[in-house]
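Colleague: fold the following.
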Amino acid sequence: MAHELHLEPKYFRQVFNGEKEYELRLYDSKRQTYQDKDILCVEEKYTGRYFTAVITRVQYFLYFNQVFEAIDYRKFLPDATSLADAIETYQKIPNYEEQGNQMGVLVFKISRISDIIE
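Modeller: Prediction:
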């Protein structure tokens, strides 16, 4: 199955360069279909540039904080200076932690399979 993933330019570059290995998303109805070996069209917000990637690992967590107990924060946010800094980055997204604790959180590992297409 194929999915679209829209990222801010900073995170788009980090995923493309292999610095950001994992993406963390709310376990909403859209993400409940994600599986290993699914294809992602990773699009850079504002520019429309994209590349393709494959999901190589999918993990579900009941609560937001469980993610950071299981996976090193630098794999999500490679430029975070500490675990507290990484958690604060996600907490800045309105209602993200609250919704994550209600719906659960999906974490998936991304591996790029194409170059950027303009």
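Colleague: contacts, neighbours, all on C-alpha from now
Modeller: OK.
Colleague: and the residue nearest to the spatial centre of the chain, helix, strand or coil?
Modeller: When C-alpha atoms, centre = their mean is applied to the chain, the residue found nearest the centroid is Glu23 (1.5 Å). Recorded secondary structure, Glu23: strand (DSSP: H, G, I helix; E, B strand; the rest coil).
Colleague: do I have it right that it meets Phe76?
Modeller: Yes. Here Glu23 reaches Phe76: they are 6.0 Å apart, a contact under C-alpha atoms under 8 Å.
Colleague: by mean pLDDT, flag the weakest helix or strand of the chain.
Modeller: Using mean pLDDT, DSSP states H and E, helix 96-103 stands out as the lowest-scoring helix or strand of the chain, at a mean of 89.
Colleague: centre of the chain versus that one, how much separation?
Modeller: From the chain centre to the centre of helix 96-103 is a distance of 15 Å (C-alpha atoms, centre = their mean, to the nearest Å).
Colleague: next secondary structure element downstream of it?
Modeller: Under the assignment DSSP states H and E, the closest C-terminal helix or strand after helix 96-103 is strand 105-112.
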